[in-house]
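**Student:** missing the sequence, but the structure's below:
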């Protein structure tokens, strides 16, 4: 899977703050984990999980070539089979969100690709339950979803005691409908902070707001 705008935005938007341990679910190439390592405290450790063996090899290789390799650990395992005695201060995920398309999967997609994009191996209910299991009492969970999926996700998360306390509504350009929601959840119910960001300006260039958000990760910025 190529580096996508969703992950770039999420990794730029999420701040580790004082997190001592971070979990990246469905880490892929390790992008989110490495982005967070760039701005986390030196004592912070980051675990990345993925069911795709090739992705984990890629993530480990990427970790070796970054300055924060000693804080990164990538594991070839599913979220459902994680067994650990620690809770995480921050959990991040760019989850699959397309419905399962059996016909298209038979014809076009490599298994690794549709597992990453479709809810074949990790449906949202399973993800939410796992987050409640592994998140510390004062921890945060952050993810990115299309608007329609996000609205359902927020309701489902609330039903198990995870409350959306912060969101970034992302639109392609000014005066268009939002296409993505970046979400932050906590165990405590508090007033939600909502912001709006346009990726492009009226000329089709990256907007000043998008550049300000992602400038630490784009060489061209």
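**Tutor:** Done, it's in. Just so it is clear, the model here is predicted, and its values are computed rather than measured.
**Student:** could you pull out the strands for the chain?
**Tutor:** Remark: strands assigned in the chain by DSSP state E are 21-25, 45-50, 72-76, 88-93, 135-146, 163-173, 178-186, 193-200.
**Student:** Could you dump those strands into JSON lines with mean neighbour count added?
**Tutor:** C-beta: built from backbone N, CA, C; applies to glycine. Formatted as JSON lines, these follow (neighbours: other C-beta atoms under 10 Å):
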{"stretch": "strand 21-25", "mean neighbour count": "26"}
{"stretch": "strand 45-50", "mean neighbour count": "24"}
{"stretch": "strand 72-76", "mean neighbour count": "19"}
{"stretch": "strand 88-93", "mean neighbour count": "24"}
{"stretch": "strand 135-146", "mean neighbour count": "20"}
{"stretch": "strand 163-173", "mean neighbour count": "18"}
{"stretch": "strand 178-186", "mean neighbour count": "21"}
{"stretch": "strand 193-200", "mean neighbour count": "15"}
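**Student:** Ok, which of those strands comes nearest residue 5?
**Tutor:** Proximity to residue 5 (C-beta to C-beta) singles out strand 193-200 among the strands of the chain, at 7.1 Å.
**Student:** just how off-centre is that closest one within its chain?
**Tutor:** Taking C-alpha atoms, centre = their mean, to the nearest Å, one finds strand 193-200 lying 17 Å from the centre of the chain it belongs to.
**Student:** what sits up against it?
**Tutor:** 5, 165-174, 176, 178, 206-207, 209-210, 213 (C-beta atoms under 8 Å, 6 or more residues apart in numbering).
**Student:** any chance of the strands of the chain in TSV, with distance to residue 219 too?
**Tutor:** Below are the strands of the chain laid out as TSV (distance: least, C-beta to C-beta, whole Å):
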stretch	distance to residue 219
strand 21-25	22
strand 45-50	22
strand 72-76	21
strand 88-93	23
strand 135-146	22
strand 163-173	22
strand 178-186	23
strand 193-200	18
